[in-house]
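Asks: 3D, please:
(2 chains)
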Amino acid sequence: MGTVSSALGRRSVRIALAVLAAVVLLAAPLLLPAFANQTLVRIGVYAVAVLGLNIVMGYTGQVNLGQIFFVGLGAYVTAYGVNQGWNIVVVFIAACVSAGVVGLLVALAAARLGGLAIAMVTIALPIVGVPLAKRLDEFTGGSQGISARFSDAPEWSGLYNDQWQFYIVLVVTAAAFLLARSLVRGKYGRAFAVVKENEAVAASMGISPYRTKVLAFTIASIFGGASGFLYLAAVQYTSPETLSFGHSISLLAAMVIGGAGSIAGSLLGGAYYIFVPQITNAIDPNLTTLSQGAILLAVLFLLPGGLVSLPRALRRLGRRRSGRPTSGNPPKTAPAPHPVPEAALEGPDNKERQDRP
Amino acid sequence: MGTFIQLVVDGLSTGSIYAALALAIVLVNQATGLINFAQGGMAVLSAYIAYAFLGLGVPLPLAILVAVVASFLLGALAERFLVRRFERGDPDTAVVVTIGLLTLVTGISALLWGYNNLGFPSLFPLTSVEILGAVVSVRSLATTVTIVLIMVVLQLLFLRTKLGLALRAVADNPGSAAFSGLPVGRLLMVGWGLAATLGAIAGVLVAPQLTLTPGMLDTALVYALAAVILGGLSSPIGCVVAASAIGVLENLVAVYVPLIGHDLKIAVPFVLIFVILILRPQGLFGRKVVVRV
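Replies: Purely as a prediction, here's the structure:
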């Protein structure tokens, strides 16, 4: 195990792995069947939305229940722009900017109240968004929805539509992930982490918690808008159903299950978002919501770091098992990173509260 | 004028439903410092339980009573086995737990009863009476009166009984409460149970109007949260006032402002919130939050 991780740490090996991953991703759509391509495309679409959610929630610690609203907004702006015949780059920028501006306005008001107010305000976004989308039928096509085709493969490329869409989504998703990675590793990422840990400490270090939260929320909204653009590239149609309340909750569940505060976890979250409902719908559609709630709670209890922390948890489990070869029954569950003290069972006594005068 | 009075009375009735949910949220927040996003979902499950007992031939008042008792137990169990582990930790994780609980409870309702709308009989007659020349539905009046009565009973419980004193002690300072020999864990369960009971009553009162679906109270939860923000987390009275005001205002706006209408009336409390958050961030009646390092 040690030799593997030290080899992974070497720069040349890392570059070689990145090149290999790029080659695989570039070649994949040419070799895979259309259905697999479509599935991968959708994973990319939602991975970008989950990534945005991760920036505001996983890294900055602000619960956001309205991310799907920005996905829907981006999708509607894209559909409108395409149908007006705008250049596709302009459409993409419009989708991101409009989501960003709305996100900024929401955050400016919501971040003024501390604590969980952002969660309480953002839960309204999808609930207001659906009737709003139905009302503005001049732009959105009302309940019928609106379709826009711009992602069909052009003649000269000689590709099928699903392959062309794969490349569109790959380019935007890869750019989004690289941007997010630099963001959370740099100055702003450190500011996010401090605000998440303790706002008073952040303020004493000259980092305004208010501005940091607004910034994180706005960036998350921009990612949401980009995801909406990709959604339209993949599905070529959007309706008020796209931004329903249930989807917003699923997006948050996907983020936590993939791994909060992890870039790779966002990709896993996108995969979860696509695969698990597909599987449970095949068994029984009435089971989908229940299984999602059960999986979310199970992850919170057993694997607080999300699926992305599974290898680490298994390794720790393995080490514990090999460390004590004589003990007959190894622990069945992954140990939590922060063991809960015994006293916790008797109820809280010194937690931070919303209303302490 | 007649329409106006009718709208106000109907608004007060829906407002009282929001108020009950908002109070349940404040009750949980006072006891455990959390926002329980599952409060609406739990109330829907309670209404389904009443529905199931109705199906067995149990009379309506008894079915509601069974559902109320069951929700008290469910609320207490949810606190003990799901939420307790996260109460001391990161509040954001605890919120995600309540969202998981919301999904789980909605999922249970969906699995057992499906997504089709189910009719639920009204506890009150569907007739209307004339007051000051306005036609007012008995159901709206009776719903408001019931919720107000329950709030009075709850207030008496908190201010006049030993249990209420203990609950307030735990909410105020769990550490000192434990030192003076109070069973803090059990009292937290009671707090969650009472909140679930309040939600259950709101659920069965509003079910005839909305018809039962697993997502029946999602919108009501959003209104209740809006009332909690406007009224301030630390002020039960503020929440009730805010919830009633929201109920009346949205009804009036839906009819008298055609630009908004019935479909967009849910935007009303949030426009209000935006204005108030800019002017008075601690809510209308709340105290300013000071966090110690």
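Asks: can you map out the strands along chain A?
Replies: All strands of chain A, identified by DSSP state E, fall at A:146-147, A:237-238.
Asks: Out of those strands, flag the one nearest residue A:310.
Replies: Residue A:310 lies closest, by Cβ to Cβ, to one member of the strands of chain A: strand A:237-238, at 33.9 Å. Where C-beta positions appear, they are placed from N, C-alpha and C, glycine not excepted.
Asks: So in that sheet, which strands flank that closest one, and in what orientation?
Replies: strand A:146-147 (antiparallel) (DSSP bridges).
Asks: Distance from the chain centre to the partner strand, please.
Replies: Offset of strand A:146-147 from its chain centre (Cα atoms, centre = their mean, to the nearest Å): 25 Å.
Asks: got it, and stretch B:14-25?
Replies: Here stretch B:14-25 is found 4 Å from its chain centre; the criterion is Cα atoms, centre = their mean.
Asks: Next up, the contacts around residue B:68.
Replies: Residues counted as contacts of residue B:68 (Cβ atoms under 8 Å, 6 or more residues apart in numbering or on different chains) are B:46, B:197, B:200, B:201.
Asks: ok, back up a step: reformat the strands of chain A into JSON lines and put mean neighbour count and mean pLDDT next to each item.
Replies: JSON lines is the format used below for these (neighbours: other Cβ atoms under 10 Å in any protein chain shown; pLDDT from 0 to 100):
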{"stretch": "strand A:146-147", "mean neighbour count": "18", "mean pLDDT": "89"}
{"stretch": "strand A:237-238", "mean neighbour count": "21", "mean pLDDT": "91"}
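Asks: Distance to residue B:13 for those strands - can I get that in CSV?
Replies: As requested, the strands of chain A are exported to CSV (distance: least, Cβ to Cβ, whole Å):
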stretch, distance to residue B:13
strand A:146-147, 38
strand A:237-238, 37
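Asks: Rebuild the contacts of residue B:68 as CSV, extending it with distance to residue A:132 and neighbour count.
Replies: Below are the contacts of residue B:68 laid out as CSV (distance: Cβ to Cβ, whole Å; neighbours: other Cβ atoms under 10 Å in any protein chain shown):
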residue, distance to residue A:132, neighbour count
B:46, 31, 31
B:197, 35, 26
B:200, 32, 29
B:201, 32, 23
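Asks: And those residues, which is closest to residue A:206?
Replies: residue B:197 (47.9 Å).
Asks: and that closest one, what are its phi and psi?
Replies: phi -60, psi -50 (degrees, to the nearest 10).
Asks: Not counting its neighbours along the chain, what's nearest it?
Replies: Counting by Cβ to Cβ, 6 or more residues apart in numbering or on different chains, residue B:197 lies nearest to residue B:72, which is 4.9 Å off, once chain neighbours are set aside.
Asks: what's the answer for residue A:216, then?
Replies: Counting by Cβ to Cβ, 6+ apart, the nearest residue to residue A:216 once its immediate chain neighbours are dropped is residue A:60, at 4.0 Å.
Asks: For burial, what's the neighbour tally of that neighbour?
Replies: The local packing of residue A:60 (other Cβ atoms under 10 Å in any protein chain shown) involves 29 other residues.
Asks: got a list of what it touches?
Replies: Contacts of residue A:60 (Cβ under 8 Å, 6+ apart): A:192, A:195, A:196, A:212, A:213, A:216.
Asks: Over to residue B:10?
Replies: By Cβ under 8 Å, 6+ apart, the neighbours of residue B:10 are B:137, B:140, B:251.
Asks: Make TSV out of the residues you listed and add pLDDT, secondary structure and distance to chain A.
Replies: Below are the contacts of residue B:10 laid out as TSV (pLDDT from 0 to 100; DSSP: H, G, I helix; E, B strand; the rest coil; distance: Cβ to the nearest Cβ, whole Å):
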residue	pLDDT	secondary structure	distance to chain A
B:137	82	strand	25
B:140	84	helix	23
B:251	88	helix	16
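Asks: Report pLDDT for residue 9.
Replies: Chain wasn't specified; assuming chain A. Looking at residue A:9, its pLDDT reads 64.
Asks: meant chain B, my bad for not saying
Replies: On pLDDT, residue B:9 comes in at 85.
Asks: likewise the one 4 residues further on?
Replies: Looking at residue B:13, its pLDDT is 88.
Asks: Residue B:182 in helix, strand or coil?
Replies: Classification of residue B:182 by DSSP: H, G, I helix; E, B strand; the rest coil places it in coil.
Asks: so it touches residue B:171, yeah?
Replies: No: with contact defined as Cβ atoms under 8 Å, residue B:182 does not count as touching residue B:171 (11.3 Å).
Asks: Which one's more surrounded, those two?
Replies: A direct count of neighbours by other Cβ under 10 Å for residue B:182 and residue B:171 places residue B:171 higher, at 21 against 18.
Asks: for the stretch 1-150 of chain B, what spans make up the strands?
Replies: Counting by DSSP state E, counting those that start in this stretch, the stretch 1-150 of chain B has strands at residues B:128-131, B:134-137.
Asks: which helices and strands does the first one pack with?
Replies: Yep, that's strand B:128-131 we're talking about. In terms of contacts (3 or more Cβ pairs under 8 Å, 6 or more residues apart in numbering or on different chains; DSSP states H and E), strand B:128-131 is packed against strand B:134-137, helix B:138-160.
Asks: can I get these in TSV with mean neighbour count?
Replies: What follows is the helices and strands packed on strand B:128-131, written out as TSV (neighbours: other Cβ atoms under 10 Å in any protein chain shown):
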stretch	mean neighbour count
strand B:134-137	17
helix B:138-160	16
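Asks: isn't residue A:139 right next to residue A:76, touching?
Replies: Yes: the criterion here is Cβ under 8 Å, and residue A:139 meets it with residue A:76 at 6.8 Å.
Asks: Which residues are in contact with each of these two?
Replies: residue A:146.
Asks: Comparing the two, which residue is more hemmed in?
Replies: Looking at residue A:139 and residue A:76 with other Cβ under 10 Å, you find the greater number of neighbours at residue A:76, namely 28 against 14.
Asks: how close does that one sit to residue A:94?
Replies: Residue A:76 sits 11 Å away from residue A:94, taking Cβ to Cβ, to the nearest Å as the criterion.
Asks: what's the neighbour count on residue B:130?
Replies: 9.
Asks: what's the closest non-adjacent residue to it?
Replies: Closest residue to residue B:130 apart from its sequence neighbours, by Cβ to Cβ, 6+ apart: residue B:136 at 7.5 Å.
Asks: I figured the one you found was touching residue B:143, is that so?
Replies: No: contact between residue B:136 and residue B:143 fails when scored by Cβ under 8 Å: they sit 11.8 Å apart.
Asks: quick revisit: any chance of the contacts of residue B:68 in TSV, with pLDDT too?
Replies: Below are the contacts of residue B:68 laid out as TSV (pLDDT from 0 to 100):
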residue	pLDDT
B:46	94
B:197	94
B:200	94
B:201	92
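Asks: Identify, from the residues you listed, the entry nearest to chain A.
Replies: residue B:46 (17.2 Å; Cβ to the nearest Cβ).
Asks: what's the helix or strand for the residue nearest to the closest one when sequence neighbours are not counted?
Replies: With Cβ to Cβ, 6+ apart as the criterion, residue B:46 has its nearest non-adjacent residue at 3.4 Å, and that residue is residue B:200. Assigned by DSSP states H and E, residue B:200 belongs to helix B:184-210.
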